[in-house]
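>>> below: sequence and its predicted model.
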Amino acid sequence: MFDEKAVAVMKRMMESFGPSGFERETAQVIKEYMVPYSDGVMADKLGSIVFVAKGQEERPHVLLAGHIDEVGFVIAGIDEKTGFLSFNPLGGWWDQVLLSQRVVVRTEKGDLHGVIAAKPPHLLSEEERNKVVLQDKMYIDIGATLGKEAIEAGVKIGDPVVPWSPFLLVQEGKVAMGKAFDDRIGAFVTMEAIRSLKEKGIAHPNTVYGAATVQEEVGLRGAQTVAHLVDPDVALVLEVDISGDAPDIKPSEAPTKMGKGPGLVTYDRSMIPNQPLKEFVVRTAKEAGIPLQLSQVARGGTDAGRIHLNRVGCPSVVITVPTRHIHSHVGLLSLEDTENAVKLVVELVKRLNKGTVENFTSI
């Protein structure tokens, strides 16, 4: 299992404030942790950061990428008469998971706690009670009674908002519970893989670039700039997967299950993976005795959607940690799955030499 240092930085990452476009705090946590294990630090001009781990050869460039932005909100207006705050989503939210959830509003004067609310059910007609309340009928209540009070507290249009959700370990420390697993757990896997390479002196025939990308949830934006910065020859994108072990989910809808090992995405809306690379991952997992689940995400996409189209193309795959309840205030994932994802990435990096990478695209 992960040591105390790894669990501590996981907690700091997940609890940090970092919706799309506002990821600086999270990036700083990651940078502080990663500098001792890096041979160099790079950055694009959107806010993504990249940590270099030099191996035996300069090429191939192996990109490990996990995005660090979380789904959140942005303040859209302040009601003058009540002080209630209207808001817009940053990333994809299902309206039904929002009501009665606590949030943090970051203002120029500091953080404010609030709750997402709507018209009380006692005041709804029978017809209204049978309808789903949509986000545009909700507001954030920070305890103000006038718009002037909210403004005096520092609130203004454009301020970012995230869920308030403390990080916890449950099930005797085997399961993590909290916000922002999508996709800080992917960044965490990248970080621990590079840490393992450095601390254990593991030889690898390439140069590894571990990227913490930004603005994935609003259009895979950091992936595009990071790919231009790194010029990768092959990419392993680390992500969450939709764990299909919740009630009423068909195996064909979400094949992976929490606790059964990391996943390998065989298809999603943004990318069909390079097939020789996909089979290489399957073989490597089998040789290393690492459990691996095959997955599909018919309606989602990842940073690989931009990375695999970089320049003349980059063979890419997506390796996942199955996670319950993504894009909500509280997710759950298995630390054993996460640890196996780290092990798999390390095994892949050890094998990604120039000849192997060239064979992914040879015809």
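Yep, that arrived.
>>> gap between residue 252 and residue 323?
The spacing between residue 252 and residue 323, counted by CB to CB, to the nearest Å, is 19 Å. Backbone N, C-alpha and C define where each C-beta goes, glycine included.
>>> could you identify the helix or strand that succeeds the least confident helix or strand in the chain by mean pLDDT?
Within the chain, confidence by mean pLDDT, DSSP states H and E is lowest for helix 126-129 among all helices and strands, at a mean of 83. Later in the chain than helix 126-129, the nearest helix or strand by DSSP states H and E is strand 139-141.
>>> contacts for that next one next, please.
Outside strand 139-141, the residues that touch it by CB atoms under 8 Å, 6 or more residues apart in numbering are 73, 75, 79, 84-87, 103, 105, 114-118, 161.
>>> and with 6 Å instead?
Contacting residues not belonging to strand 139-141 are listed as 84-87, 114-117 [CB atoms under 6 Å, 6 or more residues apart in numbering].
>>> ok so, going back, so for residue 252 and residue 323, which sits in the more crowded spot?
Neighbour tally, residue 252 and residue 323, criterion other CB atoms under 10 Å: the higher count belongs to residue 323, 25 against 9.
>>> those helices in the protein, which residues are they?
Along the chain, the stretches classed as helices by DSSP state H are 4-15, 24-34, 126-129, 147-152, 181-199, 221-230, 275-288, 304-307, 335-351, 354-359.
>>> what's the least confident stretch among those?
Out of the helices of the chain, the stretch the model trusts least by mean pLDDT is helix 126-129, with a mean of 83.
>>> in that helix, what's buried?
Residues of helix 126-129 classed as buried under the neighbour-count rule (16 or more other CB atoms under 10 Å) do not occur.
>>> what do you get for stretch 342-359?
342-353, 356-357.
>>> need these in CSV (columns: distance to residue 178).
Conversion of the buried residues of stretch 342-359 to CSV gives the following (distance: CB to CB, whole Å):
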residue, distance to residue 178
342, 19
343, 23
344, 23
345, 22
346, 25
347, 28
348, 27
349, 28
350, 31
351, 33
352, 32
353, 38
356, 37
357, 36
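>>> from the residues you listed, which is closest to residue 205?
Set against residue 205, the nearest of the buried residues of stretch 342-359 by CB to CB is residue 353 (4.0 Å).
>>> pull the contacting residues for residue 46.
214, 222, 225.
>>> 10 Å - rerun?
Shown in contact with residue 46 (CB atoms under 10 Å, 6 or more residues apart in numbering): 21, 23, 213-215, 221-226.
>>> phi, psi for it please.
Taking degrees, to the nearest 10, you get phi -100, psi -20 for the backbone angles of residue 46.
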